[in-house]
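J.: make a model of this:
(chains A, B and C)
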Amino acid sequence: MKKMLTGNSSAAWGARISDVDYVCAYPITPQTEIVETLSSWVNKGALKARFVNFESEHSMFAAAGAASLTGARVFTCSSSQGLIYGLEMLYSIAGWRAPLVLVNVSRGLGMPMILQVEHGDVLATRDSGFIQLHAENCQEVLDLVLLGYKIAEDSNVMLPVVVNMDGFVLSFARQTVDIPQREAVEKFLPRYSHPRPLLGLESAPVTYGPTTSDGFVYSFYKYQLHKASLESRKVFQTAAQEFFKIFSRRHHAVEAEMTEDADYIFLVTNSYSSNVRAGVRSLRAKGEKVGMVKLKMLRPFPREELAEVLSQAKAVAVFEQNLAPGRGAIIYPEIAEALYHSQERPDVLLSFIGGLGGTPLGMPEMEYMLKKCKEFLKTGHGPEQPLLLYRSEDWESMKHSLSKTGLPVSREVS
Amino acid sequence: MASNQTTIDTAYKTMKDTPREEYLQPGSPLCAGCGGEIAVRLALKALGPKTIVVSVPGCFGLLALYPYSSIENSMLFAPFASGPAAAQGIVDGIRIQVEKRAMVDPGSKVLVLTGDGAAYDIGLQATSGAIHRGLDFYYLCYDNEAYGNTGFQFSSATPTGSSTSTTAVTDSSQGNSLRKKNLFEIWKAHNPSYLATVAVSKPVDMLRKFEKASKMSGSKLFIAFSVCPTGWRSEPRETVKIDRLAVETGVWPLKESVNGRVTHTYIPRKRPPVENYLKTQRRFEHLFGACGSEHTLQEIQRDVDEYWRSISI
Amino acid sequence: MKIRIRLHGRGGQGVKTAGRIISTACFLEGHCAEDSPMYGPERRGAPVLSFVRVSDGEPLEERGYIEHPDALVLLDSSSVSRSSPFYGLRTDGLVIINAPLLAPKFAFPSVAFDVSSAALRVLKKDSVSAGAAALACKALGLTSIESLSEAVRMEMNEIGLRPELIERNVELARECFSSVPTVKSFVHAHDPSPTDSNDESSEKLVEIPQMVGLQPIAAIIATGNSRLNETGLWRLTTPRIDYSKCTKCIVCFVYCPDSCITLEPDLTPHIQYENCKGCMICATECPLHAISEERAVPA
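T.: Alright, predicted model coming up:
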């Protein structure tokens, strides 16, 4: 069934066709529409689940993780400040090995407070043990929720999954989305059953989350968590093949397009992958040998796949919508590490930051990134990294705003 | 507001009716003479084997110190502020499976077990949310009046005059200058179905309260006076004696609130001076002797007197 | 000179303070020193450790727990039988122990002094941290009596002891310092300290496997298994039931925090000594005074 759906509705539909048992809710822009939609379905009986409004994200995540341990299929969602407010819980959910799906709608982190997109929120959870899948469009939001449950509940994985979409750009944008039939979904996603559910049965008691004072115990379980996360790469591959057979849509951890003969590759995640694809096509039309790589899976980090698709390029421009002060972009060093031991690797690997708070990514940015890569290749001298993609008209607007703040105007502005 | 328990239908008439079953097992890493441990042990006796315990950081997090657990029941260890929220997940997770998946109802009860740090301070918001949502659960706060597990720092449950490692006694300070937060009234304002204070020196009173609560649905909350020999610097052997003194001097009133109606379940008629209680603990030792503070002592006594006057027994 | 010292005692006995006194005394002496306590959930009465490293020249380039000490300080002789403290001690390592001179012989050279008796006389209580630290400073030839005295003052002040009690601790420390010899052979034989060769073998490392099923999940299904913890070893005093006085009122059963009192069908109570921590609540509460207190006998 094809429908026009926002990213938020797609997430809600993903939960609905996954037949989730329990929805833990707390409002935050730009995620709120997901819980509003689910709430109305539960009230109307369209989704048989228990829906609970919590008093904070921290409590919401706590309940979500605990419910998963009882054997319920759990859905929850958040964004930005809310995700970070509950961050402590995310480590515990992963540590409990409680499978669930959390949809994050990416939004910048104050201060300054903003509602528009930046990936600092979801990337702050990257070391929590959650598997991370990032969506390019509304269809992918729905698909990744389904795939998310499939991977999370695999007996060799037993980890929570965060599915990320961009605030506003996807959350409030309507696109055509193919909603699979329930029967097909049931075939793909069998009922979740926890191997030792927390039910208070005298016959099967269990304690989860014990304390330890021994490093060898802590090391052991942390390492098992890591191994399970790595295992999920294989599980994702198999699940994606099955997904293709049933739903005829392909998903890969790393998706390379037009890279076979490409000298220059743009690397991107999330919704701006579409803009990059359009830009690559335009540049190709002008005779540039460019291609793109979209990272769909951020955790576990698909380093081998990345190294393989990037190794033939002369230069790679890594475009990211996040800024870690004092470091630069967050994913860039992980890509450098992935390439480090490759016999063949690009001569140039450049870090670009843009789209913070929803600033545009279009041909000017694509041309600029390509130009910088070429300059570096030619001269052997690179710019100070990362390079912030910031348009001149934005600079004019910024100067105008500065002049209204009442602060003394510095020479650079006037 | 008088005691009227004689008419109550109860399985617990005397101490001899204390259930023999043990759910708390020997060998816990808790300190010798821990008062809170007696409270948990009695609570589990009353609640039984289908109880799932949610524990958070604090001394009783050690009831699951890998690879051992000290209680027979199932248990989940959750972050500091999240106890009642995790309980909500367990209650809801089981309920929806019974409703939707035709799972046999396991008849579970969920007991949140935290110290005063979590109950009075960092977990108050989560507790407020859970009671407000009418969550069907039990909450036992073992109140030892400070952050005991980290070395006895001030919490908002610390009483006036107590020294802690963050309210030191100096020339200008007589320990904690703030009053103990009134958690009973804060919780009561949320309209839980059942709310009580308990003390282990009155085990029959305590067992009856759990018995009564377990016949109700909704939020059932208990604040247990918990003598802490390590933090209070008292003799482990005197734990129950000190507990009794707190009750008899009127420092720790025993009461319950059933759907908002408060009853005192024990009235200390004689009420000896609070000194008798305070002198058993070195956390109050600065209040006595040559450099002692007559003023703080009087304030503590005045607060206790005022409390009992106010409930007009 | 480079010495690693491991101190053994029980929670509440001043093991950490003793380590700090040794370390501070060495610092005052001009040595390079480091001390650290074992940090864990251990409670009053449970076996605990602390660690001191001292060097008179080179900087200390080791961190963490001391697995291979050059000397042990045992704050009470019961720790010998209770917690086998000798693991990792080098074969010619020195054992410094709070025990009467006729203490049991060890397979290691030892220095013994009855600090407890001295403490009971000087402090009126069995508080041995200053005395035990003094034994170590003297036996290992680490510091002068002046540095030791000052260290006792500093550390006892730090934990909030009253001035008169601090001075009595200094007195105790000086008495202990004067009562034992410096073990010259030990000090000389020991420079520089050898490292256990096994420790440097890469063969000691393994690659741990990826587990399957529930095993990779931090879970316990043998719930209630803590009775395997022999917390009876924490006991400083032991309750004994005089059955001729017992009326089977079960008060002791009700108040035992650790469920260590079991009842026969006829309500006769039995104390389970493997786990009884010796809190003595049962003895205090017994209305007939049928439970007496027995000092735990040091091994």
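J.: centre of the chain to stretch C:26-35, how far?
T.: 22 Å (CA atoms, centre = their mean, to the nearest Å).
J.: which stretches of the stretch 101-250 of chain B form helices?
T.: For the stretch 101-250 of chain B, the helices defined by DSSP state H, counting those that start in this stretch occupy B:116, B:124-132, B:183-188, B:203-213, B:229-232, B:239-248.
J.: whoops, the stretch 151-299 of chain C was the one
T.: C:163-179, C:184-189, C:251-255, C:281-285.
J.: now chain A
T.: With helices called from DSSP state H, chain A shows them at A:7-17, A:32-44, A:57-70, A:80-85, A:87-96, A:120-123, A:138-152, A:182-188, A:215-247, A:272-285, A:303-310, A:332-340, A:363-379, A:392-404.
J.: of the ones you listed, which is nearest C:Phe86?
T.: With CB to CB as the measure, helix A:215-247 is the member of the helices of chain A nearest C:Phe86 (21.7 Å). C-betas here are computed from N, CA, C, even on glycine.
J.: could you say what helices and strands the closest one packs with?
T.: helix A:87-96, helix A:138-152, helix A:182-188, strand A:297-299 (3 or more CB pairs under 8 Å, 6 or more residues apart in numbering or on different chains; DSSP states H and E).
J.: pLDDT weak spots in the stretch 101-250 of chain C?
T.: Within the stretch 101-250 of chain C, the stretches with pLDDT under 70 are C:101-104, C:186-200.
J.: got TSV for the helices and strands packed on helix A:215-247, with mean pLDDT too?
T.: TSV is the format used below for the helices and strands packed on helix A:215-247 (pLDDT from 0 to 100):
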stretch	mean pLDDT
helix A:87-96	98
helix A:138-152	98
helix A:182-188	95
strand A:297-299	98
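J.: export the ones you listed to CSV and tack on mean neighbour count and distance to A:Cys373?
T.: Converted to CSV, those look like this (neighbours: other CB atoms under 10 Å in any protein chain shown; distance: least, CB to CB, whole Å):
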stretch, mean neighbour count, distance to A:Cys373
helix A:87-96, 22, 35
helix A:138-152, 27, 28
helix A:182-188, 14, 41
strand A:297-299, 23, 23
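J.: output stretch A:74-89 as PDB, nothing but the C-alphas.
T.: The C-alpha trace of stretch A:74-89 is given here as PDB (Å, rounded to 0.1, in the frame of the first residue of the first chain):
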ATOM      1  CA  VAL A  74       9.100  -2.100  22.600                       C
ATOM      2  CA  PHE A  75       9.200   1.100  20.600                       C
ATOM      3  CA  THR A  76      10.300   4.500  21.800                       C
ATOM      4  CA  CYS A  77      11.500   7.700  20.200                       C
ATOM      5  CA  SER A  78      13.200  11.000  21.100                       C
ATOM      6  CA  SER A  79      15.300  13.800  19.800                       C
ATOM      7  CA  SER A  80      18.200  16.100  20.700                       C
ATOM      8  CA  GLN A  81      18.200  17.400  24.300                       C
ATOM      9  CA  GLY A  82      15.800  14.600  25.200                       C
ATOM     10  CA  LEU A  83      18.000  11.900  23.800                       C
ATOM     11  CA  ILE A  84      20.900  13.400  25.800                       C
ATOM     12  CA  TYR A  85      18.800  13.700  28.900                       C
ATOM     13  CA  GLY A  86      18.200  10.000  28.800                       C
ATOM     14  CA  LEU A  87      21.700   9.100  27.600                       C
ATOM     15  CA  GLU A  88      22.600   7.400  30.900                       C
ATOM     16  CA  MET A  89      19.800   5.000  30.300                       C
END
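J.: show me the contacts for the residue nearest to A:Arg196 when sequence neighbours are not counted.
T.: Leaving aside its chain neighbours, A:Arg196 sits nearest to A:Val206 (4.9 Å; criterion: CB to CB, 6 or more residues apart in numbering or on different chains). Applying CB atoms under 8 Å, 6 or more residues apart in numbering or on different chains, we find A:Val206 in contact with A:Arg196, A:Leu198, B:Ser74, C:Ala219, C:Ile220, C:Ile221, C:Thr223.
J.: from what I can see the fifth one touches B:Ala64, true?
T.: Yes: using CB atoms under 8 Å, C:Ile220 is in contact with B:Ala64, at 6.6 Å.
J.: and these two? which has more neighbours close in?
T.: In this view C:Ile220 and B:Ala64 are compared by other CB atoms under 10 Å in any protein chain shown, and B:Ala64 has more residues nearby, 28 against 22.
J.: mind pulling up the phi and psi values for the more buried one?
T.: B:Ala64 has phi and psi values of phi -130, psi 90 when expressed as degrees, to the nearest 10.
J.: which residues does it bridge with?
T.: For B:Ala64, the beta-bridge partners under DSSP bridges are B:Ser69.
J.: list the contacts of stretch B:298-306.
T.: B:Pro159, B:Thr160, B:Gly161, B:Arg179, B:Thr249, B:Gly250, B:Val251, B:Arg271, B:Pro273, B:Val274, B:Leu278.
J.: give the buried subset of those residues as a PyMOL selection command.
T.: The buried subset of the contacts of stretch B:298-306, as determined by 16 or more other CB atoms under 10 Å in any protein chain shown, is captured in PyMOL by this line:
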select buried, chain B and resi 159+160+161+249+250+251+271+274+278
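J.: make a markdown table out of the contacts of stretch B:298-306 and add distance to chain A and pLDDT.
T.: Below are the contacts of stretch B:298-306 laid out as a markdown table (distance: CB to the nearest CB, whole Å; pLDDT from 0 to 100):
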| residue | distance to chain A | pLDDT |
| --- | --- | --- |
| B:Pro159 | 28 | 98 |
| B:Thr160 | 31 | 95 |
| B:Gly161 | 33 | 95 |
| B:Arg179 | 26 | 96 |
| B:Thr249 | 36 | 98 |
| B:Gly250 | 35 | 98 |
| B:Val251 | 32 | 98 |
| B:Arg271 | 40 | 97 |
| B:Pro273 | 41 | 98 |
| B:Val274 | 36 | 98 |
| B:Leu278 | 33 | 98 |
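J.: chain C: which of the contacts of stretch B:298-306 is nearest?
T.: Nearest to chain C, judged by CB to the nearest CB, of these is B:Gly161 at 17.0 Å.
J.: tell me the phi and psi of that closest one?
T.: Dihedral angles (degrees, to the nearest 10) for B:Gly161: phi 90, psi -10.
J.: setting the sequence-adjacent residues aside, check what's closest to it.
T.: For B:Gly161, ignoring the flanking residues on the chain, the nearest one in space by CB to CB, 6+ apart is B:Thr296 at 4.6 Å.
J.: and the pLDDT for residue 278?
T.: Just going to use chain A. Reading off the confidence values, A:Ala278 has pLDDT 97.
J.: think we crossed wires, I meant chain C
T.: Here, the pLDDT recorded for C:Gly278 equals 95.
J.: looking at the contacts of A:Val206, which is nearest A:Lys374?
T.: Nearest to A:Lys374 among those, counting by CB to CB, is C:Ala219 at 55.7 Å.
J.: correct me, but that closest one touches A:Thr207?
T.: Yes: contact criterion CB under 8 Å: C:Ala219 and A:Thr207 qualify, at 6.5 Å.
J.: please say which of these two ends up with more neighbours.
T.: Legend: neighbour count by other CB under 10 Å for C:Ala219 and A:Thr207, higher for A:Thr207 (29 against 23).
J.: if I pick A:Thr212, what's in contact with it?
T.: Going by CB under 8 Å, 6+ apart, A:Thr212 touches A:Tyr218, B:Leu65, B:Tyr66.
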